[in-house]
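In: predicted structure and sequence below. I'll ask about it afterward.
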Amino acid sequence: MTHTATQEAGATHQLSDKEANKVAIGALIGTAMEWYDFFLFSAAAALVFNVQYFDSQNATAAAMAAFATFGVGLVARPVGGMIFGVMGDKIGRRKTLMITIVGIGLITGLIGMLPTYAAIGIAAPILLVLLRVAQGLFVGGEWSGAMTIVVENAPLHRRARYAALPQIGSPIGTILSSGGFFLMTVFVSQESFDAWGWRVPFLAAIPMLLIALYIRSRLDESPVFKELVENGETEKTPIRTTLIQSWKHIIIGMAAGLLGVGGFYLVTAFMVWYGVNVLNYEPSLMLLGGIVAAVLEIPTLILGGRLGERFGASKVITYGGLLSAAVAWPAFLLVESGDPVVVILGMSLAVCTLSLPYAASGTVLTGLFPAATRYTGVGFAQNAAGMISGFIPLVATALVASAANHWWPAAAMLVFLSLFTAVAGILAPRMSVSLPGFKH
């Protein structure tokens, strides 16, 4: 066991559940806002941006331009992970997380105020792309920092339990963003929605930011980071050190996180597209399916955290991945049934099984890297998974089109992602930092 691992065990020895809860809830508020903004943009890309910001007589070309804007944010995330990873490992987890949350909230609010193509011409899509790039940078530093500060503020033997809590930000973000657009379409006419209604969910990010800032400002810095500062052991070149010493750990971490992010996009984004465009379901049915699946994901994530605490997070990733692979085919069969209740059941089944590895991914990723480069390393691994995941619905759509619009290639992709993540769960423990009394 290394000197820094012994120090980390000592620094977290006196931590109580009360302190851990406070930090985990503070991190959860931030991740909920991060995912709210992220999912809001993806919904708006399909509903609004293609019409309001891209001047094209070809509807498909305009939609592709809007989705490309969505993709630009994903590509910016690894760069943000590097920038804020270095800050987090040098100036502290807490200060860096205050910066990322302000950036995410302000940019989302600014998108809600942006003039359309009709008002300012070509400047509108250019500004939209620039805002999306900036949002991607801040998002790139948010999840890795939130997860790092949570595990470093939790008692060692309870890390898996508390690391699952920030993951609940994903379903909460889904429910709020889908619900926000759903309410606006219900309460205002299509004309009003196009004119101003779509802006309301974006502008709501500003009051949410104020609440998140208040909660975050009361968080304590990680005792592990304090110990590094006191002993003069903070890393001077986090990116270089991580890439030289931990490149294998980045690959394993990326694989461990891939199903939770990429599988989720496959089930939500692709399955919704398939249901509406190929199976001719009402968009409201698929939207409702996504909301129900997100609601059921919350207890699943809590369960995944408890299982990780008891048996080890890597086992949850392995067995959760195998379970997700087993239900991939049945889930798609249920969605194809045509019965609304069975369709929602199929979406929920797929989301809940892939959420078990997602619940444990924060514990596994933070365990792969030593404290001095943890923020940077987790940022590299998670953002690599995020960037790959952003292209998964696109690949699934292309493969399904080549198979005469049959769903089997998408189901096969979900099986592959599940097994890929399961293998990472097997390999992760032998590559993780050895900590006394902690089950990897």
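Out: Right, received. Where do you want to start? Residues are numbered from 1 along each chain as shown.

In: tell me how many other residues surround the residue lying closest to A293 once chain neighbours are set aside.
Out: Nearest residue to A293 in three dimensions, chain neighbours excluded: V351, at 3.9 Å (CB to CB, 6 or more residues apart in numbering). Quick note: C-beta positions are derived from backbone N, CA and C, even for glycine. Neighbour count for V351, taken as other CB atoms under 10 Å: 27.

In: kindly report the same for P330.
Out: That count, for P330 with other CB under 10 Å as the rule, works out to 13.

In: once you drop chain neighbours, what's closest to it?
Out: Looking at P330 with CB to CB, 6+ apart, the closest residue is L349, at 7.3 Å.

In: give me the element the one you found is part of.
Out: helix 340-368 (DSSP states H and E).

In: picking that back up, if I pick the residue nearest to P330, what's in contact with it?
Out: V327, P330, A331, L334 (CB atoms under 8 Å, 6 or more residues apart in numbering).

In: which of those sit farthest apart?
Out: Pairwise distances across the contacts of L349 peak at 9.5 Å for V327 and L334 (criterion: CB to CB).

In: now the biggest helix by length in the chain: buried residues?
Out: Taking DSSP state H as the criterion, the chain has its longest helix at helix 59-90. Across helix 59-90, burial judged by 16 or more other CB atoms under 10 Å covers 62-63, 65-67, 69-78, 80-90.

In: and the angle from the very next helix or strand once past it to helix 59-90?
Out: Helices and strands here follow DSSP H and E; after helix 59-90, the next one along the chain is helix 93-113. Angle of helix 93-113 versus helix 59-90, following axes from the mean of the first three to the mean of the last three CA atoms, to 10 degrees, is 160 degrees.

In: quick one: list the elements packing against helix 93-113.
Out: helix 17-44, helix 59-90, helix 123-152, helix 199-203, helix 205-217 (3 or more CB pairs under 8 Å, 6 or more residues apart in numbering; DSSP states H and E).

In: wait, which of the ones you listed is closest to P429?
Out: helix 123-152 (15.8 Å).

In: that closest one vs helix 59-90, what angle?
Out: 40 degrees.

In: mind checking how far A398 is from L333?
Out: Distance of A398 to L333, computed by CB to CB, to the nearest Å: 22 Å.

In: returning to what we had before: and the helices and strands packed on helix 93-113: which comes nearest V343?
Out: Closest approach to V343 among those (CB to CB): helix 17-44, 19.4 Å.

In: in this structure the residue nearest to A293 contacts M271, no?
Out: No - the criterion here is CB atoms under 8 Å, and V351 misses it with M271 at 9.5 Å.

In: name the nearest residue to L40, sequence neighbours excluded.
Out: Of all residues not flanking L40 in the chain, S177 sits nearest, at 4.3 Å (CB to CB, 6+ apart).

In: got the contact list for that neighbour?
Out: Contacts of S177 (CB under 8 Å, 6+ apart): W35, Y36, F39, L40, A43, P201.

In: show the contacting residues for the last one.
Out: Taking CB under 8 Å, 6+ apart as the definition of contact, the neighbours of P201 are L40, G112, S177, G180, F181, M184.

In: and those residues, which is closest to L285?
Out: Relative to L285, and with distances defined as CB to CB, the nearest of the contacts of P201 is F181, at 15.3 Å.

In: what's around that closest one, how many residues?
Out: What F181 shows, counting by other CB under 10 Å, is a neighbour count of 23.

In: where does pLDDT dip in the stretch 301-440 of the chain?
Out: Along the stretch 301-440 of the chain, segments meeting pLDDT under 70 span 437.

In: report the secondary structure state of S178.
Out: helix (DSSP: H, G, I helix; E, B strand; the rest coil).

In: give me the distance between it and A384.
Out: Distance of S178 to A384, computed by CB to CB: 27 Å.

In: same question for F181.
Out: 30 Å.

In: just checking, M431 touches P370?
Out: No - look at M431 against P370 with CB under 8 Å: they stay out of range, at 11.8 Å.

In: show me the contacts for I107.
Out: Here I107 is in contact with D37, L131, A134, Q135, F138 (CB under 8 Å, 6+ apart).

In: dump the contacts of S177 into a markdown table; add distance to L288 and pLDDT as well.
Out: Shown next, in a markdown table, are the contacts of S177 (distance: CB to CB, whole Å; pLDDT from 0 to 100):
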| residue | distance to L288 | pLDDT |
| --- | --- | --- |
| W35 | 19 | 86 |
| Y36 | 19 | 88 |
| F39 | 15 | 79 |
| L40 | 18 | 84 |
| A43 | 14 | 72 |
| P201 | 18 | 89 |
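
In: mind pulling the model confidence for D55?
Out: Looking at D55, its pLDDT stands at 63.

In: let me fix that: E152
Out: E152 carries a pLDDT value of 90.

In: flag every buried residue along the helix or strand where G305 lies.
Out: Counting by DSSP H and E, the element that carries G305 is helix 283-311. Burial within helix 283-311, assessed by neighbour count using 16+ other CB under 10 Å, is assigned to 285-294, 296-298, 300-309.

In: least confident of the contacts of P201?
Out: Confidence-wise, F181 trails the rest of the contacts of P201, at 79.

In: which SS class is A255?
Out: A255 is classified as helix under three-state DSSP.

In: show the contacting residues for it.
Out: Here A255 is in contact with A385, F420, T421, V423, A424 (criterion: CB under 8 Å, 6+ apart).

In: which two among those residues are spaced furthest apart?
Out: Greatest spatial distance among those (CB to CB): A385 and V423, at 14.3 Å.

In: between those two, tell me which one has more neighbours.
Out: Set A385 next to V423 and count neighbours by other CB under 10 Å: A385 wins out with 24 against 15.

In: what's the first helix or strand after the stretch of helix or strand the more buried one belongs to?
Out: Using DSSP H and E, A385 maps to helix 374-389. Using DSSP H and E, the helix or strand that follows helix 374-389 in sequence is helix 392-402.

In: in that next one, what's buried?
Out: Across helix 392-402, burial judged by 16+ other CB under 10 Å covers I392, P393, V395, A396, T397, V400.

In: how far is the helix or strand following it from where the chain is centred?
Out: Downstream of helix 392-402, the first helix or strand assigned by DSSP H and E is helix 408-431. Centroid separation for helix 408-431 versus its chain: 18 Å, with CA atoms, centre = their mean, to the nearest Å.
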